[in-house]
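>>> 3D, please:
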Amino acid sequence: MIKGGTGGSNTLTGLRYEAKVDLKDFLNAQKDYSVENTKVYFKKELVARLFKKHELYKFLKENDIDWTKHISKKLLPDNCIYVIINNTAFILEVKHQEVARSVDEKLQTCDFKKKQYIKLFSELNYRVEYCYILDSWFKQACYKDTLDYIISVGCKYYFDYIPLHELGLPVPEFDTNEEITPSYQL
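The predicted structure is shown next:
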């Protein structure tokens, strides 16, 4: 859609994702992945931690971090996945739409929210990336300026796609006859 933007899907580096599907359920359905509580395993090796909404604050408390010393109001991420190998917390906000609504303003808050998450994770010395997982609705021309803005402030977006490789997560190997997302086809 835009030069230098991101999006699309490449089954060699990620997996197609339906926005209505929970990320924990989605990963559990993928070959060689399992999620137990907040721990994400690939071939039985711990590769990440996964937090939704208030689970993030339970994790911070377990690490003796008082979130109120960093931000003034809780942020409740759709998904936050901390990838161990690259010491990065990825905030994955899922936006799904079927009819026109005022979501433009929500998409335009990514810069502020990323800065808030950077403050929140500062004691853990985690890097922070802020990404949207968008459905095809947002490919419409009326979202071009918003998508350009997302990229310009150092955030990312992907269409119907979880960029496992870019997150630093292992990408399952598939036979050419095998379906990639057997229970969650788009």
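
>>> Please make it C-alpha for all contacts and neighbour counts, starting now.
Fine.

>>> Point out where the protein drops to low pLDDT.
Scanning the chain for pLDDT under 70 picks out 1-21, 98-103, 174-186.

>>> Helices of that one, start to end?
Here the chain has its helices, by DSSP state H, at 23-28, 55-62, 104-107, 110-120, 144-152, 164-167.

>>> Kindly reformat these as JSON lines containing distance to Leu75 and mean neighbour count.
Formatted as JSON lines, those follow (distance: least, CA to CA, whole Å; neighbours: other CA atoms under 10 Å):
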{"stretch": "helix 23-28", "distance to Leu75": "18", "mean neighbour count": "18"}
{"stretch": "helix 55-62", "distance to Leu75": "9", "mean neighbour count": "15"}
{"stretch": "helix 104-107", "distance to Leu75": "13", "mean neighbour count": "12"}
{"stretch": "helix 110-120", "distance to Leu75": "8", "mean neighbour count": "19"}
{"stretch": "helix 144-152", "distance to Leu75": "19", "mean neighbour count": "17"}
{"stretch": "helix 164-167", "distance to Leu75": "21", "mean neighbour count": "14"}
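
>>> between those, which one is nearest to Lys43?
With CA to CA as the criterion, Lys43 lies closest to helix 23-28 of these, at 11.7 Å.

>>> Could you list every helix and strand in contact with that closest one?
Judged by 3 or more CA pairs under 8 Å, 6 or more residues apart in numbering; DSSP states H and E, helix 23-28 is in contact with strand 33-36.
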